[in-house]
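K.L.:
Whatever this is, show me its structure:
(2 chains)
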There are 2 protein chains.
Amino acid sequence: MKFSIQKDRLSAGIQDVLKAVSSRTTIPILTGIKIHASDEGITLTGSDSDISIESFIPSEEGDVSIATIEETGGVVLNARFFNEIVRKLPASTIEFETSDSFQAIIRSGHAEFSLNGQDADEYPHLPQIDDQNAFKLPADLVKTLIRQTVFAVSTSETRPILTGVNWKIENGTLICTATDSHRLALRKTTADGLPEGEYNVVIPGKSLTELSKILDDSNEPVEIVMTENQVLFRSKHVLFFSRLLDGNYPDTSRLIPDEHKTKIDLNTKEYLQAVDRASLLAREGRNNVVKMSSDAGTVEISSNSPEIGKVTEQVSSLSSEGEELKISFSAKYMMDALKAIEGTEIEIQFTGAMRPFVIRPLHDDSTLQLILPVRTY
Amino acid sequence: MKFSIQKDRLSAGIQDVLKAVSSRTTIPILTGIKIHASDEGITLTGSDSDISIESFIPSEEGDVSIATIEETGGVVLNARFFNEIVRKLPASTIEFETSDSFQAIIRSGHAEFSLNGQDADEYPHLPQIDDQNAFKLPADLVKTLIRQTVFAVSTSETRPILTGVNWKIENGTLICTATDSHRLALRKTTADGLPEGEYNVVIPGKSLTELSKILDDSNEPVEIVMTENQVLFRSKHVLFFSRLLDGNYPDTSRLIPDEHKTKIDLNTKEYLQAVDRASLLAREGRNNVVKMSSDAGTVEISSNSPEIGKVTEQVSSLSSEGEELKISFSAKYMMDALKAIEGTEIEIQFTGAMRPFVIRPLHDDSTLQLILPVRTY
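P.N.:
You can find the predicted model right below:
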């Protein structure tokens, strides 16, 4: 294998695949990045067996030459060193060459690195995915779907299925749901491009978080292929594979109340900041719990930590209807939910101090955040 | 005590004194910040008994009102909570009031915090320093003196005196020296404002690092008072006290060779980057050691880690004279030294592979960096 390549393109490709590489793997070759040169360009691969990422750097883009391949082939190099070395090379062009003994020579300016590599044939093969059933969504929508749900997955392995986000497609609607059984985040979309067929998969939260870092905030299409145990996201030059979680995702629709006794509309930012301030003192107490009581026209947020002190704050409601209410909840869950909501105004629907309550952006049914209250009164 | 104050100014004052507050103190009241209101303004104090910082916020600055004092007095509040609360308050003005039981009420917008405080009379008194012998240096010079030396202090408590920087004034010259016995950093200045008298103190490295964060990059004068066991730095509204280290600082002048067998001039940035690249592979080996060999017109930097690989790089020297040389040294020490040097070109003077060598900016005698080599050949 022998090629020369633009340093910043190689470095960007390494950054992408590095997100799948873990130093704590039990399979030694997975601490490396596979570099493969074909006549079309350079393919980089990183994997921790749960997530695999492949980044392709074409030799030419339009009329611009990015890489010159003199000899095709492959090698696996330690990911951490390869990344640090490439980033710190002096010149804008890098020459790369391997010997029979999987030794890689990297030259740039007056610097020459010789790195011990491994046989590319020993590197695990990526899943073969038949992309007959692919569908496309814009990259920025995929990022938003992830951002609005993934924070609510469970971090405990007690019920592994809850560490993932349920992506369910039915009748041209995609519903993404995450819950850790104390709160739930749901985002729906009927975007163009969704398939007719039915899909129901659970994607690990960690995979979605990493995918989100790789996608850019454009409306470039991302091709999505769901199989029985893998999902593939394909953007322009990057393939992102994740295994799916085994098992059935619980039916969460019955958790969501369909009626309410109190409904309060609030300015999102004002309310978020008041909860944030109250949480300053709540953090010391048990579970970061703040209290909220509603009255005609105002809600009061308060918190009390006997050793430190107490805080109370009034927030004017935009409108309120139904019964007066006193309720306690986790300030963290409330702040997570409010940050995930797009919209300057929200409505909160309560059915009682001990029943789950629902937060939605005003006049928008695509997002729903549900929180279970805490008993304190 | 009762006053109102601009939020930004109170918050900036808290940031300053917070640098002296440690959560790991054995004296409980020192986890707090002392707030004292006089007719002139508000004084904040933080201390970990080694460092004490006092920040003064005047009630008026020119014609602008910053604080309105209704009732003088004092209280001590938990530093972490007080800081977080003030930063997150909603309005640009804060009302502050204390009760007889050291309870503080903080109001801003619709938020009201009540914090449990402690008696300000219980707070330790700051050292009384007679500022008869004060002298003045510009703030940016003080920051540079610190930056160019403090990194070389010892982090080990085996010889406590080496954890400080020696500030020695003699014949109108200030010499700052730090060494951990493997390398030494020295910076001299004959700036206007230095006193006639002789001073010789050792200031803890940690104190200087914190001081450096508080001073701004202006040439505003900083007043310095050295006593037997304390040093005081006074800028516009901030007093910074540090205890001094006990004991005699070793005589380091005899460590610095006054002749050389090899002298090489180099471009600082090119050489630094080559050492940085070589250190990528050196980090895995013992002590981060790189090798350097000099030849007419070039130096070669190299490093070798049997498991990972090797690297070599040529750097053109601007000029070289004397014997050829092969030497090994810590890449970290070299990078620290080069980063501390101001100047695009350096000269390195060697007296042999096992003798300390000296790095100086070209045509500038005010800075000197000395490094002990490592035996590898």
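K.L.:
and A:Ser11, what helix or strand is that in?
P.N.:
Taking DSSP states H and E as the definition, one finds A:Ser11 inside helix A:7-18.
K.L.:
what residues does that helix touch?
P.N.:
Outside of helix A:7-18, the residues within contact range by CB atoms under 8 Å, 6 or more residues apart in numbering or on different chains are A:33, A:42, A:44-46, A:53-57, A:66-67, A:79, A:82-83, A:86-87, A:89, A:91-94, A:108, A:214, A:237-238. To be clear about C-beta, it is placed using only N, CA and C from the backbone, and glycine gets the same treatment.
K.L.:
now, which of these lie close to chain B?
P.N.:
Here is what survives when those are matched to chain B using CB under 8 Å from any CB of the partner chain: A:Leu89.
K.L.:
Take the contacts of helix A:7-18 and keep only those in helices.
P.N.:
Judged by DSSP state H, these include A:79, A:82-83, A:86-87, A:214 as members of helices.
K.L.:
Drop anything exposed from these.
P.N.:
For the ones in helices among the contacts of helix A:7-18, a neighbour count by 16 or more other CB atoms under 10 Å in any protein chain shown gives the buried set as A:79, A:82-83, A:86, A:214.
K.L.:
Tabulate the residues you listed (JSON lines), appending distance to A:Leu370 and pLDDT.
P.N.:
Output for those, formatted as JSON lines (distance: CB to CB, whole Å; pLDDT from 0 to 100):
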{"residue": "A:Ala79", "distance to A:Leu370": "40", "pLDDT": "96"}
{"residue": "A:Phe82", "distance to A:Leu370": "45", "pLDDT": "97"}
{"residue": "A:Asn83", "distance to A:Leu370": "41", "pLDDT": "97"}
{"residue": "A:Val86", "distance to A:Leu370": "46", "pLDDT": "97"}
{"residue": "A:Ile214", "distance to A:Leu370": "29", "pLDDT": "94"}
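K.L.:
could I get those residues as TSV with distance to B:Gln6?
P.N.:
Shown next, in TSV, are those (distance: CB to CB, whole Å):
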residue	distance to B:Gln6
A:Ala79	51
A:Phe82	52
A:Asn83	47
A:Val86	49
A:Ile214	44
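K.L.:
and of those residues, the nearest to A:Gly247?
P.N.:
Checking these against A:Gly247 by CB to CB gives A:Ile214 as the nearest, at 26.7 Å.
K.L.:
got any ranges where the stretch 151-300 of chain A has weak pLDDT?
P.N.:
Within the stretch 151-300 of chain A, the stretches with pLDDT under 70 are A:284-287.
K.L.:
So which bits of it are right by chain B?
P.N.:
Residues of the stretch 151-300 of chain A lying close to chain B by CB under 8 Å from any CB are A:273-274, A:276-277, A:280-281.
K.L.:
at 6 Å instead, please
P.N.:
Taking CB under 6 Å from any CB of the partner chain as the contact definition, the stretch 151-300 of chain A meets chain B at A:277, A:280.
K.L.:
So which residues of the stretch 151-300 of chain A form helices?
P.N.:
Counting by DSSP state H, counting those that start in this stretch, the segments of the stretch 151-300 of chain A that form helices are A:205-214, A:268-282.
K.L.:
Of those helices, which is nearest B:Leu245?
P.N.:
With CB to CB as the criterion, B:Leu245 lies closest to helix A:268-282 of the helices of the stretch 151-300 of chain A, at 38.2 Å.
K.L.:
Tell me the helices and strands packed up against that closest one.
P.N.:
In terms of contacts (3 or more CB pairs under 6 Å, 6 or more residues apart in numbering or on different chains; DSSP states H and E), helix A:268-282 is packed against strand A:289-295, strand A:298-305, strand A:309-316, helix A:331-340, helix B:79-88.
K.L.:
These: which one's closest to B:Thr173?
P.N.:
Nearest of the helices and strands packed on helix A:268-282 to B:Thr173, taken as CB to CB: helix B:79-88 at 39.5 Å.
K.L.:
For chain A, tell me whether the closest one is touching it.
P.N.:
Yes - applying CB under 6 Å from any CB, one finds helix B:79-88 touching chain A at B:81, B:84-85, B:88.
K.L.:
From chain B, how far off is A:Leu162?
P.N.:
Distance check for A:Leu162 against chain B: by CB to the nearest CB, to the nearest Å, it reads 32 Å.
K.L.:
repeat for A:Gly197
P.N.:
Distance, A:Gly197 to chain B, by CB to the nearest CB: 49 Å.
K.L.:
now that residue: how far from A:Gly247?
P.N.:
Per CB to CB, to the nearest Å, A:Gly197 is found 21 Å from A:Gly247.
K.L.:
And for A:Asp217, the neighbour number?
P.N.:
Using other CB atoms under 10 Å in any protein chain shown, A:Asp217 has 9 neighbouring residues.
K.L.:
Pretty sure it sits against A:Asp140.
P.N.:
Yes - if you go by CB atoms under 6 Å, A:Asp217 and A:Asp140 touch, sitting 5.2 Å apart.
K.L.:
Could you find the closest non-adjacent residue to A:Gly32?
P.N.:
A:Val76 (4.0 Å; CB to CB, 6 or more residues apart in numbering or on different chains).
K.L.:
what bridges to that neighbour?
P.N.:
For A:Val76, the beta-bridge partners under DSSP bridges are A:Lys34, A:Gln118.
K.L.:
Give the full set of residues in contact with it.
P.N.:
Contacts for A:Val76 (CB atoms under 6 Å, 6 or more residues apart in numbering or on different chains) come out as A:29, A:32, A:34, A:117-118, A:120, A:123.
K.L.:
Now flag whichever of those is closest to chain B.
P.N.:
Among the contacts of A:Val76, A:Gly117 lies closest to chain B (CB to the nearest CB), at 8.7 Å.
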